[in-house]
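**Student:** need the 3D shape of this:
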Amino acid sequence: MAATARRFASFGALFRAIRLAVRPGGPSLGERASALPRLFGATLRGEYSGTSMGRLVLAVAAIGYVVSPVDFVPEAFLGVFGLLDDAFVLSWVAARLVTETEDFIAWEQARGAQAGPRPATAGSSYQTVPGDVIR
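**Tutor:** Here you go, the predicted structure:
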């Protein structure tokens, strides 16, 4: 009975993550993917405390488990049933990554709003206007 409850909880988390990921006005898949290296870097530097390196490493390890030829429940012997453990792991990873990137992007936006306008850089929408400072 507990295993069935865990399965439903796993798929429930995946459906909530999908609903969060596709909501209008939310970050796109590309924005989420480009946020992952920044998320790892900010967490590693201790700037972002919304997650831990342990959680992020666990997600990477879970992806490695799915793509690895070593499997706890081998598909070669159990067929479709061998794919179920991979499906559970992938649903957990997808839910974690959507939730983590959602929180991180919101943190970045709040942090940027507090810092005020940033200096102009190549490709930036800001423009530099030449002038003199009068005191």
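**Student:** so residue 48 sits against residue 105, correct?
**Tutor:** No. Judged on CB atoms under 8 Å, residue 48 makes no contact with residue 105 at a distance of 11.0 Å. The C-beta positions use only the backbone N, C-alpha and C, and glycine is treated the same way.
**Student:** all helices for the chain, in order.
**Tutor:** Along the chain, counting by DSSP state H, helices occupy 2-21, 29-45, 53-67, 75-78, 80-115.
**Student:** how about the longest one, which residues are buried there?
**Tutor:** Burial within helix 80-115, assessed by neighbour count using 16 or more other CB atoms under 10 Å, is assigned to 85-86, 88-102, 104-105, 107.
**Student:** give the residue spans of the chain that score low on pLDDT.
**Tutor:** Applying pLDDT under 70 to the chain flags the ranges 1-23, 71-79, 82, 113-128, 135.
**Student:** how far away is residue 54 from residue 130?
**Tutor:** According to CB to CB, to the nearest Å, residue 54 stands 50 Å off from residue 130.
**Student:** swap in residue 81?
**Tutor:** 70 Å.
**Student:** the more surrounded of residue 54 and residue 130?
**Tutor:** residue 54 (9 against 4; other CB atoms under 10 Å).
**Student:** residues touching that one, list them.
**Tutor:** For residue 54, the contact set (CB atoms under 8 Å, 6 or more residues apart in numbering) is empty.
**Student:** and what of residue 105?
**Tutor:** By CB under 8 Å, 6+ apart, the neighbours of residue 105 are 27, 31-32, 35.
**Student:** just the buried ones from these?
**Tutor:** 27, 32, 35.
**Student:** out of the residues you listed, which is nearest to residue 64?
**Tutor:** residue 32 (19.8 Å; CB to CB).
**Student:** give me the neighbour count for residue 62.
**Tutor:** Neighbours around residue 62, by other CB under 10 Å: 16.
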